[in-house]
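Enquirer: below: sequence and its predicted model.
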Amino acid sequence: TCLFRSFAPELRWLFEQAGRIRPGGRWVEVGSWKGRSFLATALGLPEGTKIVGVDTFLGSPESTKHGEAALPGNPVRQEFERTMATVRRLRSDLTVRCLEGESVVAAREFSNGRLDACFIDGSHTFSAFTADLAAWRSKVRKAGLLAGHDVTKDGIARGLAEVPFRWSRGPGSIWMRQAA
């Protein structure tokens, strides 16, 4: 429970949203870092769902909190590997995958309209966020969930001010696209 304490409302929301997608669906998390939200999401997913984490595991250039990624052996990547192992152990019915690299490149591996959900929590700069949104928005089916984290960060807030869809706030610093 210590892992979820400070972000409990956001993690609970992810768990609940995950449970709403169709069995056998597809969920992508952009910016998985160590895997806290990845784990909360995976635990809530219906049977047979595919979950993919996308990250460079190098940290965001605008953050002063990501220095540990530069340490020998990249402990951030190692922690995410442990998280994926936990998900596989607890939820053997899921397909669990990691795409290591830039998210806009990883997005090319997915066809338009095939994702049930995409949660964006990557770099918080305006240019990185808008690039992530442009790369992933079309991948989510029309009635699917497009959401993300850190709505209060300047780059995210500025990017959301320019999106061609209506969005609303979730718990904590979550944003989500509103249904059309």
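Expert: Now that the structure is in, tell me what you want to look at. Residues are numbered from 1 along each chain as shown.

Enquirer: use CA for all of it now, contacts and neighbours both
Expert: Noted.

Enquirer: relative to the whole chain's centre, how far out is the longest strand seen in the chain?
Expert: Using DSSP state E to define each element, the chain has its longest strand at strand 140-148. Relative to the centre of its chain, strand 140-148 is centred 12 Å away, using Cα atoms, centre = their mean, to the nearest Å.

Enquirer: now swap in stretch 74-82 and tell me
Expert: Distance, centroid of stretch 74-82 to centroid of chain: 16 Å (Cα atoms, centre = their mean).

Enquirer: list the buried residues in it.
Expert: Within stretch 74-82, the residues that count as buried by 16 or more other Cα atoms under 10 Å are 76, 77, 80.

Enquirer: residues contacting that stretch, please?
Expert: 32, 33, 34, 35, 57, 68, 69 (Cα atoms under 8 Å, 6 or more residues apart in numbering).

Enquirer: can you tell me which of these is nearest residue 142?
Expert: residue 32 (23.6 Å; Cα to Cα).

Enquirer: would you mind checking the contacts of stretch 74-82 for buried ones?
Expert: The buried subset of the contacts of stretch 74-82 (16+ other Cα under 10 Å) comprises 32, 33, 34, 35, 57, 69.

Enquirer: dump stretch 162-172 to CSV, restricted to CA.
Expert: Taking Å, rounded to 0.1, in the frame of the first residue of the first chain, the C-alpha atoms of stretch 162-172 are listed here in CSV:
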residue,chain,number,x,y,z
GLU,A,162,-4.8,23.8,-28.2
VAL,A,163,-6.3,20.3,-28.7
PRO,A,164,-9.2,19.8,-31.1
PHE,A,165,-11.3,17.9,-28.6
ARG,A,166,-13.0,18.6,-25.3
TRP,A,167,-11.3,17.4,-22.2
SER,A,168,-11.9,17.3,-18.5
ARG,A,169,-10.0,16.8,-15.3
GLY,A,170,-9.9,13.5,-13.4
PRO,A,171,-8.6,13.0,-9.9
GLY,A,172,-5.3,14.6,-9.0
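
Enquirer: quick check: mean pLDDT of that stretch?
Expert: Here stretch 162-172 scores 95 as its mean pLDDT.

Enquirer: that one: how far from the chain's middle?
Expert: The answer for stretch 162-172 is 15 Å, by Cα atoms, centre = their mean.

Enquirer: coming back round to it: helices or strands up against the longest strand of the chain?
Expert: strand 115-120, strand 175-177 (3 or more Cα pairs under 8 Å, 6 or more residues apart in numbering; DSSP states H and E).
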